[in-house]
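In: sequence-free structure coming up:
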């Protein structure tokens, strides 16, 4: 095991989570991409790409369970780097099949990439605000009738209960959710997502 690399990855994850919590506490998280958060994600993504190019995917044998999970989180948050996320997805799939990382690492990233490419997700890990009533619901499911079976196959618990439709939000609140979604779609397109 490479203890130095493990410690670096764990520190990168800790910085990501620290900045995120600061933004949650200040009420800044939840709309457009906050530049401080984007800066952390960009820096971590670039470093992860360097690690992959020299060491391959940092699996549990190389960096321990916590280091591998840190690498996964960094990849999950690398939305501004579609090539890296797609490369990581292939690496994670191979690694999960060999038992080098938990299968749920691959499942989460597969769903994230599917959502960013405007495709249906398989495992129901990606949720977003419904502009009609403001409730959080899963991004489109590829096989809703099999989602719990698919989740179980990668070690995930059954899907949380999806909220029933609630009363419509006021028009201005619906518009704010739709405008935020449009902002993200434009930002993602500017980074190369389809």
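Out: Sure thing, it's come through. Here the structure is a predicted model, which is why all the values come from computation and not from measurement.

In: Do a quick rundown of the helices in the protein.
Out: For the chain, applying DSSP state H gives helices covering 3-26, 35-55, 60-76, 82-98, 103-116, 147-153, 171-190.

In: Reformat those as TSV; add mean neighbour count, mean pLDDT and distance to residue 125.
Out: In short, each C-beta sits where N, CA and C put it, glycine included. Below are the helices of the chain laid out as TSV (neighbours: other CB atoms under 10 Å; pLDDT from 0 to 100; distance: least, CB to CB, whole Å):
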stretch	mean neighbour count	mean pLDDT	distance to residue 125
helix 3-26	15	98	18
helix 35-55	15	98	18
helix 60-76	21	98	10
helix 82-98	17	96	13
helix 103-116	22	97	4
helix 147-153	15	98	8
helix 171-190	13	96	17
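
In: ok, residue 44 - contacts?
Out: 12, 15, 16, 74, 77, 78 (CB atoms under 8 Å, 6 or more residues apart in numbering).

In: Using JSON lines, lay out the helices of the chain together with distance to residue 126.
Out: Formatted as JSON lines, the helices of the chain follow (distance: least, CB to CB, whole Å):
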{"stretch": "helix 3-26", "distance to residue 126": "17"}
{"stretch": "helix 35-55", "distance to residue 126": "17"}
{"stretch": "helix 60-76", "distance to residue 126": "10"}
{"stretch": "helix 82-98", "distance to residue 126": "13"}
{"stretch": "helix 103-116", "distance to residue 126": "5"}
{"stretch": "helix 147-153", "distance to residue 126": "12"}
{"stretch": "helix 171-190", "distance to residue 126": "13"}
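
In: measure residue 105 to residue 177 for me?
Out: Using CB to CB, to the nearest Å, we find residue 105 at a distance of 30 Å from residue 177.

In: residues contacting the most centrally placed residue in the chain?
Out: Centroid-nearest residue in the chain, with CA atoms, centre = their mean: residue 76, separated by 3.7 Å. Shown in contact with residue 76 (CB under 8 Å, 6+ apart): 108, 109, 112.
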